[in-house]
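S.K.: Predicted structure and sequence below. I'll ask about it afterward.
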Amino acid sequence: MATRPAKLEKRKPIPPGGPSLLAAAPPPPPPQHVYRWDLDKTYLKTEFDSFMDLVRSAFEGAEAKQAVPGAAALLRELRAGGRSRICFISGSPRQMRRVLTQKLRLDGVEFDEFILKPNLRNMLTGRWAAMREQVGYKLPALLAGRAGLPPETRETCFGDDAEADCFIYSLYSDVIAGRIARPLLEEILERAGCYRDDAQRAVSLAETLPQSKDGLAVGRIFINLDRRSPTSRFDRYGVRVVPVFNYFQAAMVLFEDGQLAAASVVRVALEMVDRFGYTLDALRNSLQDLLRRGRLKRATARAFGEQLTEEGIPQIGALPGARELLLSFASRVQELGEVPSVMLAVEGPIDYLAALDVDLPRKHRR
């Protein structure tokens, strides 16, 4: 018995570029804002002043590590704001990646980039100075992270006063703004004690990156005063650098800049009160400190207080009576009188060679 021929399935023609074009998805849009964070003493309360501190930190589990009050809440709010990118760059060794990322996940913090220092490779190759040196490590890493971003992408950087974060972030900002000529950059890196290959990589990256047209790619640099350094120490870096004693202060400045809503600032404040024992008076004093230092406008504090109403307070807070707590805080903010503030210095070029002797003392150089 003859069998009928099988019916051939009619196939769609393959496009000239091949079948892969059918499944190709459009590339994601570039981030509108990048937030770059240091880790130790900026996000984590870490001690590394002695050898035993380093050993203790290396063997701590994720549950034992403590975040700086308000840091996790602030990162969650920045992430929720839209097309933002969260990047961590730390001097901790790469062998700690698992426990550090686990800690961030426990805190509900999402991130896009996580850079750790290759200290084991430095040790095996005899690069002992690189285990402590930061400029030759962080500056090329920051410049590499900038590659591929449109020149108009804005950035905010977070560091601390324990090492040279302010120096490095400021130098990075001026490099991508085209304010640092190659000879000056080479001299800075040489005097900072960078290894030659690290310095050459930084210079090469600096010359290939497109410059931000308005020079404002890095709008803010927040320095967490973990060691309670005098705020005047950072005056040489201009108004872009904002030393803060806590992350409620950073959240208020970001509120003034339009990067955070009042509800986001409230969530940061509530985490500090609920989990870390901050009082309303402490937060109010932090607000007064910003006003006194000229880092926040009185109108901003007033506008923030006016938004903390029965209708404006979000449904948040693990504390009993959180709404009453916030309404009480709002009234205290409204009662703030005129606070005499200092005049901030006029912006000008930063003398990085002079700053080397202050923020990178010779005992840390190679």
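M.R.: Done, it's in.

S.K.: Now stretch 134-153: average pLDDT?
M.R.: Averaging pLDDT along stretch 134-153 gives 93.

S.K.: Correction: the previous question concerned stretch 329-348.
M.R.: Across stretch 329-348, the average pLDDT comes to 72.

S.K.: From start to finish, how long is that stretch in a straight line?
M.R.: End-to-end span of stretch 329-348 (C-alpha to C-alpha, to the nearest Å): 38 Å.

S.K.: again with stretch 328-347
M.R.: Rule used - C-alpha to C-alpha; the end-to-end distance of stretch 328-347 is 38 Å.

S.K.: Check stretch 87-99 too.
M.R.: 17 Å.

S.K.: Give me the contact list for that stretch.
M.R.: With contact meaning C-beta atoms under 8 Å, 6 or more residues apart in numbering, stretch 87-99 is reached by 34-40, 43, 57-58, 60-62, 65, 100, 104, 111-120, 134, 137-138, 141-142, 145, 163. Any C-beta I mention is one placed from the backbone N, CA and C, and that applies to glycine too.

S.K.: List the residues that contact the nearest residue to Gln211 once chain neighbours are set aside.
M.R.: Excluding the flanking residues, the one nearest Gln211 by C-beta to C-beta, 6 or more residues apart in numbering is Gly178, at 3.9 Å. Applying C-beta under 8 Å, 6+ apart, we find Gly178 in contact with 211-212, 215.

S.K.: Can you work out which other helices and strands pack against whichever strand or helix holds Arg36?
M.R.: Following DSSP states H and E, one finds Arg36 within strand 33-37. Secondary-structure packing of strand 33-37 (3 or more C-beta pairs under 8 Å, 6 or more residues apart in numbering; DSSP states H and E): helix 71-80, strand 84-93, helix 135-146, strand 154-160.

S.K.: Looking at the protein, which helix is longest?
M.R.: With secondary structure taken from DSSP state H, the chain has its longest helix at helix 262-276.

S.K.: so it versus helix 71-80, what angle?
M.R.: 160 degrees (axes from the mean of the first three to the mean of the last three C-alpha atoms, to 10 degrees).

S.K.: What is the distance between helix 262-276 and the centre of its chain?
M.R.: Computed by C-alpha atoms, centre = their mean, to the nearest Å, the separation of helix 262-276 from the middle of its chain amounts to 19 Å.

S.K.: residues of it that come out buried?
M.R.: Across helix 262-276, burial judged by 16 or more other C-beta atoms under 10 Å covers 262, 264-273.

S.K.: So which elements touch it?
M.R.: Using 3+ C-beta pairs under 8 Å, 6+ apart, the elements in contact with helix 262-276 are helix 71-80, helix 247-256, helix 280-292, helix 298-307, helix 322-334.

S.K.: Pick the most deeply packed of the ones you listed.
M.R.: helix 247-256 (a mean of 24; mean count of other C-beta atoms under 10 Å).

S.K.: Domains in the chain, by residue range?
M.R.: What automatic domain parsing lists as the domains of the chain is 30-244, 261-338.

S.K.: Ala250 is nearest to which of those?
M.R.: domain 30-244 (4.9 Å; C-beta to C-beta).

S.K.: Now do the end-to-end distance for the closest one.
M.R.: Distance between the boundary residues of domain 30-244 (C-alpha to C-alpha) amounts to 29 Å.

S.K.: Ok, stretch 155-172 next?
M.R.: Stretch 155-172 stretches 11 Å from its first residue to its last (C-alpha to C-alpha).

S.K.: try stretch 154-168
M.R.: OK, stretch 154-168 end separation, C-alpha to C-alpha: 17 Å.

S.K.: go on, stretch 31-41?
M.R.: Termini of stretch 31-41 sit 26 Å apart (C-alpha to C-alpha).

S.K.: would you list every one of the strands in the stretch 101-250 of the chain?
M.R.: Counting by DSSP state E, counting those that start in this stretch, the stretch 101-250 of the chain has these strands, from start to end: 113-117, 154-160, 218-224, 241-244.
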